[in-house]
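Trainee: Have a look; sequence and predicted model below, questions after that.
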Number of protein chains: 4
Amino acid sequence: MSQTIRAGLVGVTGYTGMELARLMAQHPSMELVRVTSRSEAGKPLSAIYPFLQSIPVGELEISMPDPVDLAQACDVVFLAVPHKTAMEISAQLLEHGVRVVDLSADFRLNDKDVYEQWYAVEHTRPELLKTAVYGLPELYADQIAGAQLIANPGCYPTSAILGLAPALSNSMVATDGIVVDSKSGTSGAGRGAKVGTLFCEVHDSFKAYGLGTHRHTPEIEQEVSKLAGTPMTVSFNTHLLPIDRGILSTIYTQLRDGFDLAAVRAAYDKFYAGKPYVRVLPEGQLPETRYVRGTMFCDIGLVVDSRTGRLIIVSAIDNLCRGASGQALANANLMSGLPLETGLPKAPMMP
Amino acid sequence: MSQTIRAGLVGVTGYTGMELARLMAQHPSMELVRVTSRSEAGKPLSAIYPFLQSIPVGELEISMPDPVDLAQACDVVFLAVPHKTAMEISAQLLEHGVRVVDLSADFRLNDKDVYEQWYAVEHTRPELLKTAVYGLPELYADQIAGAQLIANPGCYPTSAILGLAPALSNSMVATDGIVVDSKSGTSGAGRGAKVGTLFCEVHDSFKAYGLGTHRHTPEIEQEVSKLAGTPMTVSFNTHLLPIDRGILSTIYTQLRDGFDLAAVRAAYDKFYAGKPYVRVLPEGQLPETRYVRGTMFCDIGLVVDSRTGRLIIVSAIDNLCRGASGQALANANLMSGLPLETGLPKAPMMP
Amino acid sequence: MSQTIRAGLVGVTGYTGMELARLMAQHPSMELVRVTSRSEAGKPLSAIYPFLQSIPVGELEISMPDPVDLAQACDVVFLAVPHKTAMEISAQLLEHGVRVVDLSADFRLNDKDVYEQWYAVEHTRPELLKTAVYGLPELYADQIAGAQLIANPGCYPTSAILGLAPALSNSMVATDGIVVDSKSGTSGAGRGAKVGTLFCEVHDSFKAYGLGTHRHTPEIEQEVSKLAGTPMTVSFNTHLLPIDRGILSTIYTQLRDGFDLAAVRAAYDKFYAGKPYVRVLPEGQLPETRYVRGTMFCDIGLVVDSRTGRLIIVSAIDNLCRGASGQALANANLMSGLPLETGLPKAPMMP
Amino acid sequence: MSQTIRAGLVGVTGYTGMELARLMAQHPSMELVRVTSRSEAGKPLSAIYPFLQSIPVGELEISMPDPVDLAQACDVVFLAVPHKTAMEISAQLLEHGVRVVDLSADFRLNDKDVYEQWYAVEHTRPELLKTAVYGLPELYADQIAGAQLIANPGCYPTSAILGLAPALSNSMVATDGIVVDSKSGTSGAGRGAKVGTLFCEVHDSFKAYGLGTHRHTPEIEQEVSKLAGTPMTVSFNTHLLPIDRGILSTIYTQLRDGFDLAAVRAAYDKFYAGKPYVRVLPEGQLPETRYVRGTMFCDIGLVVDSRTGRLIIVSAIDNLCRGASGQALANANLMSGLPLETGLPKAPMMP
């Protein structure tokens, strides 16, 4: 009855490409029919990813990226390539009539100038910024379903925006002075060969990096400003965790007069009612990255500290699944008329 | 058409119970209808396992173990309780007519005396030793399908036996002098509160333990002796890895005259043809525990060292999935007339 | 010439006791002559700590704690026992005329009521609160040298206070709205056998805990209030890292008008001039816990975020060495007339 | 009185160079006066190693390697460069009259042909093979003291040779059929930027590599053959551990008739009497890599398995300290007329 959706993946050698391959191996109605890599073309996928041996997707031959071929062979194409590169490929694929889910940052920012300021490259396809839909299903499910081009959210922004959305859209917290203190697993740093992400440089250690300068900052500010209905500046700061997967953001806000924990909890429960992948944890419980490992869940814990008048929001996601490839797949599901959850993992990997 | 198989789980607070709950959350035709724990009865499963919140299995209430109720409510019952305890519960459940998959060691050894010698307790249900089937699907799929009582294999033995089976059954290696050097992730040490398995005692370290005395020794010897057709003594030795999941066994054998790597590879390929969960790796490739994480795969690497005349076999499994609960579920599938692979994870969790 | 200082250690089975034993093994002029543990009395220290075999301190026999004997045999006694227990032992030891370094929280808070409110036990020796000296050498070296009773600082407070001291004492930041987001290695959770700190519960994960309620909060507030010259309320929040040792605190403040990074850096350089164990890192460099591993160093990184007007301070220490036993030893050095650095490790353990 | 020994280090950017810098920071009578690196020349050491900031050695400026300058400025030079490179530099330094401790493999094998076969490069300085002394202090302390050129042992060989020496020199075990199953921490794989040693590729995993083909094999065979008094072939096999430091070797031998555990233990105790860095553990106790972390200790555990007639020897070292730079420093001590232990860490880093 239902036809299989044919999917392509441009850029398979990084962790987001790897994760998409993993997820696609389990999808009942979407099939990976093209994977591309300039450096690995000609090999079967299992040759570079031995864990996919004896799984059908592992037999797929890696090819050179060719927009014409991709557009012809696929119903939807995922781009797991660096920003700037994604810009042009997206445009070419769209011209050939295939839908695109871009995992890079190239279409996340509505404003060309903001993009160019933070990413320090020219945006050569600004006309597409208007049509791209920001692929956060809890906020934009309807637009995603009808989109040709999805700007798949960044990992950190996913955790920050989902954490803040109910509080801001209900005007429960001050819009200034917000601090987002985020910590990410090392897969977020990519699969390039660099001394800084060697095992012996990361293991048994912890560090801050890029304080106040991370490129996900304008993406967070853009979306929370929409939710709050007013321009916002956020202090967004990042740290590197010696874990494979997971982001945990501790978000410090000032609770407005008249609200207490019960009111906040009610607002969060209402905002996320019917959203299967956001779990507002029971009172007194806080997120742990392991509880969302390998899944689309965003777990949210809420604390009101009466001594300081703060609402502290803690949100946890899996940076590779929810923060990248799983969310991309969920968006492709919606674009293809499938239920959001199709083919996505149900239970987290514990321990 | 196909009815849902109703499953029970006795003992849910350990890692094997946790893993079975995780797997059951994804099974399309088997449903967990009872989970028991003396210490946690009355709570929903998600109260002790927050990662199961908003997943249906998480809402299941934990109950006290009651053989009559379990037999009535379930088609199959998994026992994730310590050895000796499992013995009596198994007998009671069988008397009430329900099939049992026992994850403990109580019915793995055919010989009561050997059991009592290694486990230092009396075996009070020796009559069941004859009817219990050793639940290693690659060796005993037919008997498993018709069994009432499955002795689910130990984690280490699963890796050792699958690694040795083709070589021994083809008389390719000497049956004496074999060394099995095994290394296990820490989940194999259980979820009890002990200083020795605290994070700071295990992390960033590695140790040997129980050399020559591990209780899985007679289980390995029993099964490899059957495969070789002659009684065998094996030097089996264990180490603790600072990882969550995974067992890797490096197995040292003496290759008999007349065999070379090509012959060995051919024998392994033939032995495991049609067995979806054993992957004999391409020549030159060796197993890594991450490549089987969360799955039923047993990856096998083969090396002939001409300097020493040795065939070195390396096998890797996930100790919780293949080495315990996944294998138990596969056995329950076969007992229930379902395909072996029903509801089991396809792709390993990487990274 | 110089006589060897004789030291005692009450409570040797926890990680702070273990760390003190490690450090004492290298001290050229202080010798551990008594170690006590109710549960392990009668054994040599190396029997419970195999890593101390063949090192002289490993041969010391563990004894039952006896204040009279300790006072007679020792020049200084370290208490590595839980709060409340330390209170009485301290008093008894002081009565017998021996100097005490208490690693518990019992004498850190000047105000009995604040102690009783946060620790939920009665303080039975309030008269000692006046004479106890808070053992942070950068702030109180002179008083420490003359003290009979040292309240050794908590691990988190050490990182927070050293991070904030120059900014607050120079009135460079607003005294309200400060957020201290701290992350600690697992040794900080103690060596008791608990499921929550098992390897498989901590490894490859990250979580927040005790937001707004950690008992180190009043200790931080007491000391930063003194530095600022005004009562302060701080939002102090804690997280658990899957590493053995290390605390990293990211401290969010609002920079006052008229100050810039250069001014801030100058103030920090001046404040810590001549303090060998605080390293104000070069501009653009941020602390990593590995860079202080096993040592007394507190590394401080400074960032001014002009977008938000914030001064973000990052401080890193080793929670066991600087945050507990190393600092205790430094205090004992000062109390004994020795240079601060005597016997303390020079180079961090890398990697 | 005693003059400070002036030391040079050629090649400071790898983990062995880093470790030597760490150790030298604590040495009371040897001072690092030259460190060289082609890629980092001109910077102070602390610029590439922030953990050395505010420690005197950190202020040393990295220079280009210049044999004449090194020979003039130093009493002893450590070479932490790749094999083949070390060969020529050693010769030049020796010609200029300075003693050399070569941490590479270039002078470890007495036989030029064996070297060229395993390392696949020409040995251009074979005349030095005769004069080089194998720097294992327990075996060759006297020769080391008088040597001009030390071939510092490999990490794996150090653990294997020390583990086997007493058994072989006392003819207690069969000389054929020995299996050395070794597991190493990831610092052993070097500090080069490679995908295979990225955090996310190593963490939470375990693998075998190079079975039967590791270049440390002939080094082990050379030394154990001397100890046994007969040519030996050993099955030596290696694995990669997700830890920073540490090697644990599990060594399988066949005990000869007439020997039991008591006899073996007596032989080991006698062989290592007066050797401060080998700890033969009490009966029933087995080594753990953490117990030797950061030190020169080699811990040895002994098990006789009567079922299989095997003597199983487990030895653990720190691969960077004992297995490389610490041993190099110990050798330099002996060459300089200092006691073996001068400046070396006493207590392991725990946890």
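Mentor: Thanks, I have it. Please read all numbers here as calculations on a predicted model, not as lab measurements. Numbering: from 1, shown residues only, chains lettered A, B, ... in the order given.

Trainee: Can you name the residue of the stretch 151-300 of chain A nearest to chain B?
Mentor: Here the residue of the stretch 151-300 of chain A nearest chain B is A:Tyr291; by C-beta to the nearest C-beta that distance is 4.0 Å. Every C-beta, even on glycine, is put in place using the N, C-alpha and C of the backbone.

Trainee: which non-adjacent residue is nearest that residue?
Mentor: Spatial nearest neighbour of A:Tyr291, chain neighbours left out: B:Phe51 (4.0 Å); criterion: C-beta to C-beta, 6 or more residues apart in numbering or on different chains.

Trainee: For that neighbour, list the residues it contacts.
Mentor: A:Arg290, A:Tyr291, A:Val292, A:Arg293, A:Ala347, A:Pro348, A:Met350 (C-beta atoms under 8 Å, 6 or more residues apart in numbering or on different chains).

Trainee: All the strands of chain A, residue numbers only.
Mentor: Secondary structure of chain A, counting by DSSP state E: strands at A:5-10, A:30-36, A:62-63, A:76-79, A:99-102, A:133-134, A:149-151, A:179-185, A:207-209, A:235-241, A:247-254, A:278-280, A:298-305, A:310-317.

Trainee: Report pLDDT for the nearest residue to A:Gly188 once chain neighbours are set aside.
Mentor: Counting by C-beta to C-beta, 6+ apart, A:Gly188 lies nearest to A:Asn319, which is 4.9 Å off, once chain neighbours are set aside. pLDDT recorded at A:Asn319 is 98.

Trainee: neighbours around the closest residue to A:Gly163 other than its chain neighbours, how many?
Mentor: Using C-beta to C-beta, 6+ apart and skipping residues adjacent in sequence, the residue nearest A:Gly163 is A:Ser315, 3.6 Å away. Neighbours of A:Ser315 under the rule other C-beta atoms under 10 Å in any protein chain shown: 26.

Trainee: Wait, A:Ser315 touches A:Leu162, no?
Mentor: Yes - assessed by C-beta atoms under 8 Å, A:Ser315 is found in contact with A:Leu162 at 5.9 Å.

Trainee: distance between the helix ranked longest in chain A and the chain's centre?
Mentor: Criterion DSSP state H: the longest helix present in chain A is helix A:155-169. Mean C-alpha position of helix A:155-169 versus that of the full chain (C-alpha atoms, centre = their mean, to the nearest Å) differs by 12 Å.

Trainee: could I get it in CSV with only the CA atoms?
Mentor: Coordinates of each C-alpha in helix A:155-169 appear next as CSV, following Å, rounded to 0.1, in the frame of the first residue of the first chain:
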residue,chain,number,x,y,z
CYS,A,155,21.9,20.6,18.8
TYR,A,156,22.4,23.2,21.5
PRO,A,157,19.5,25.3,20.3
THR,A,158,17.2,22.3,20.4
SER,A,159,17.8,21.9,24.1
ALA,A,160,17.7,25.6,24.9
ILE,A,161,14.6,26.5,22.9
LEU,A,162,12.5,23.5,24.1
GLY,A,163,13.6,24.3,27.6
LEU,A,164,12.6,28.0,27.4
ALA,A,165,9.5,27.9,25.1
PRO,A,166,6.7,27.5,27.6
ALA,A,167,8.1,30.0,30.1
LEU,A,168,8.7,32.6,27.5
SER,A,169,5.5,32.2,25.5
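
Trainee: how about that helix: buried residues?
Mentor: Buried residues in helix A:155-169, defined by neighbour count with 16 or more other C-beta atoms under 10 Å in any protein chain shown: A:155-169.

Trainee: model confidence over it, on average?
Mentor: On average, helix A:155-169 scores 98.

Trainee: again with stretch A:276-294
Mentor: For stretch A:276-294, the per-residue pLDDT averages 98.

Trainee: residues in contact with whichever residue of the stretch 1-150 of chain A sits closest to chain D?
Mentor: Taking C-beta to the nearest C-beta, chain D has its nearest neighbour within the stretch 1-150 of chain A at A:Tyr15, 6.9 Å off. By C-beta under 8 Å, 6+ apart, the contact set of A:Tyr15 is A:Ser187, A:Gly190, A:Arg191, A:Leu320, A:Ala324, B:Pro351, D:Cys200.

Trainee: Generate a ChimeraX selection restricted to the buried subset of those residues.
Mentor: Buried residues within those, by 16+ other C-beta under 10 Å, are selected in ChimeraX with:
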select /A:187,191,320,324 /B:351 /D:200
